[in-house]
Each structure stands twice: as C-alpha cells, then as structure tokens.
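**Q** sequence and predicted structure below; questions after.
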Amino acid sequence: MTTDTDRAEIIELFGRYADIADLKDFDELPPLVHTDPFTMDFESVTGMPPQQTTLADYVTALSGAFAPFDATHHAITGHVVEVTGDRATAHAQVRAEHWVPRELAEGGPNRWLVVGHYDNDVVRTAHGWRFSTVRLAAAFQENAHLIERIHTDPRGGDRNV
C-alpha cells in the first residue's frame, strides 16, 4: 500500500460514514466504517462525554436516533489525513442537515443544522482502514430545539421513513 492509497481509503470512510445515516443503512455499513468497539465523542452536540461502544449498541442507538427524521444529509469535505504506519488521523469539515416532519416543526423551520469538523482516529485492520474514534466538534447549530422535539414526540421511534 502507498500513502496515497491509504489516504484515499480513509477519505472513502467518511463517505460511508455519512451514508450510514443518510441512507439509513444500519446493517452493512457500520462494520465497514468502525472498529468494534470504537469510541464516539459527540459531546459538543449531545453533552454526553466520549464513550466506547460496541457496533451492536451503536447501531441500535443510531437507528433509533435517525429513524424519526424525514431525511438527513451529511456533506463532509476538506479532508486532511496523516498516516503513520497502521494508524492515522483524519480531519474533515461537516455540514449535517436533518429534516423533521413538518407537523413537529409546528409552523417553524423543520431543519436542524450542525456545522463543525471531525477529528477521527483511524486504524488499519485485517479488513482495511476503520475509524477507532469519531470525534465531532460542532461550531454552529441552527434550530437545535428540533432534536429535543423529535425525540420526545410519541411517534418518534415508530415512524416509517
């Protein structure tokens, strides 16, 4: 493998990572993106401290969290990858848009926007590169109240989208 090939494979991980939520592919994609277990750090959005999780627990939580959205779109750009042997760091900018059902918006905006960057740790496994840590640093949010509304709606996790 060359450093350029390694970088290309790591950048592709970001595309697969975005597709997990945007395509609601909670079965095939997570093991192609993450180590098992891995560390997730979304404290800047959720307020929860970083935690290590198994893929099975992550998939259960993620599918429940994203099922209520009508649509999501994660644009991840500006990749900066530093490879050192079988480890790497991967930095990228993100613009993540999440649309809630109009009835939950109660006549207001129905899109929750998160803008920030990822600083992920990556390891080479027997099956290729995988994120061992996903760390989101949100710099800006718009309509963050919608995330609370969608998860307190009694129809939240039961919606078919």
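**A** Alright, I've got the coordinates. Residues are numbered from 1 along each chain as shown.

**Q** which stretches of this structure form strands?
**A** 34-41, 51-53, 71-84, 87-99, 111-125, 128-142 (DSSP state E).

**Q** how far off strand 87-99 does the helix or strand of the chain with the lowest mean pLDDT point, in degrees?
**A** The least trusted helix or strand in the chain, going by mean pLDDT, DSSP states H and E, turns out to be helix 145-152, with a mean of 87. With axes from the mean of the first three to the mean of the last three Cα atoms, to 10 degrees defining the directions, helix 145-152 sits at 80 degrees from strand 87-99.

**Q** now do helix 145-152: distance to the chain's middle.
**A** 18 Å (Cα atoms, centre = their mean, to the nearest Å).

**Q** do stretch 116-129 as well
**A** 13 Å.

**Q** buried stuff in it?
**A** 116-122, 124, 129 (16 or more other Cβ atoms under 10 Å). The way it works is simple: take the backbone N, C-alpha and C, and place the C-beta from them, glycine included.

**Q** and if you look at stretch 73-92?
**A** Of all the residues in stretch 73-92, those buried under the rule 16+ other Cβ under 10 Å are 74, 76, 79, 81, 83, 88, 90, 92.

**Q** how close does the fifth one get to A92?
**A** Translated: V83. Applying Cβ to Cβ, to the nearest Å, the value for V83 to A92 is 15 Å.

**Q** grab the longest helix from the protein for me.
**A** Scanning the chain for the helix with the most residues, using DSSP state H, yields helix 3-22.

**Q** what are the phi and psi angles of P109?
**A** When read as degrees, to the nearest 10, the backbone of P109 gives phi -60, psi 140.

**Q** tell me how far it lies from H145.
**A** 10 Å.

**Q** among the strands of the chain, which is nearest K24?
**A** Nearest to K24 among these is strand 71-84 (8.5 Å), distances taken as Cβ to Cβ.

**Q** and that closest one, what other elements does it pack with?
**A** helix 3-22, strand 87-99 (3 or more Cβ pairs under 8 Å, 6 or more residues apart in numbering; DSSP states H and E).

**Q** quick one: strands adjacent to it?
**A** strand 87-99 (antiparallel) (DSSP bridges).

**Q** name the residues that touch the partner strand?
**A** 6, 10-11, 13-14, 69-82, 110-124, 129, 131, 136, 146-147 (Cβ atoms under 8 Å, 6 or more residues apart in numbering).

**Q** and that strand, C-alpha only, in PDB?
**A** Provided in PDB are the C-alpha atoms of strand 87-99 (Å, rounded to 0.1, in the frame of the first residue of the first chain):
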ATOM      1  CA  ARG A  87      -2.600   4.400  12.400                       C
ATOM      2  CA  ALA A  88      -3.800   7.700  11.000                       C
ATOM      3  CA  THR A  89      -5.700  10.800  12.000                       C
ATOM      4  CA  ALA A  90      -8.400  12.200   9.700                       C
ATOM      5  CA  HIS A  91      -9.800  15.700   9.900                       C
ATOM      6  CA  ALA A  92     -12.700  16.900   7.800                       C
ATOM      7  CA  GLN A  93     -15.300  19.700   7.800                       C
ATOM      8  CA  VAL A  94     -19.000  18.700   8.100                       C
ATOM      9  CA  ARG A  95     -22.400  20.300   7.300                       C
ATOM     10  CA  ALA A  96     -25.100  18.000   8.600                       C
ATOM     11  CA  GLU A  97     -28.700  18.800   7.900                       C
ATOM     12  CA  HIS A  98     -31.600  16.900   9.500                       C
ATOM     13  CA  TRP A  99     -35.200  17.400   8.500                       C
END
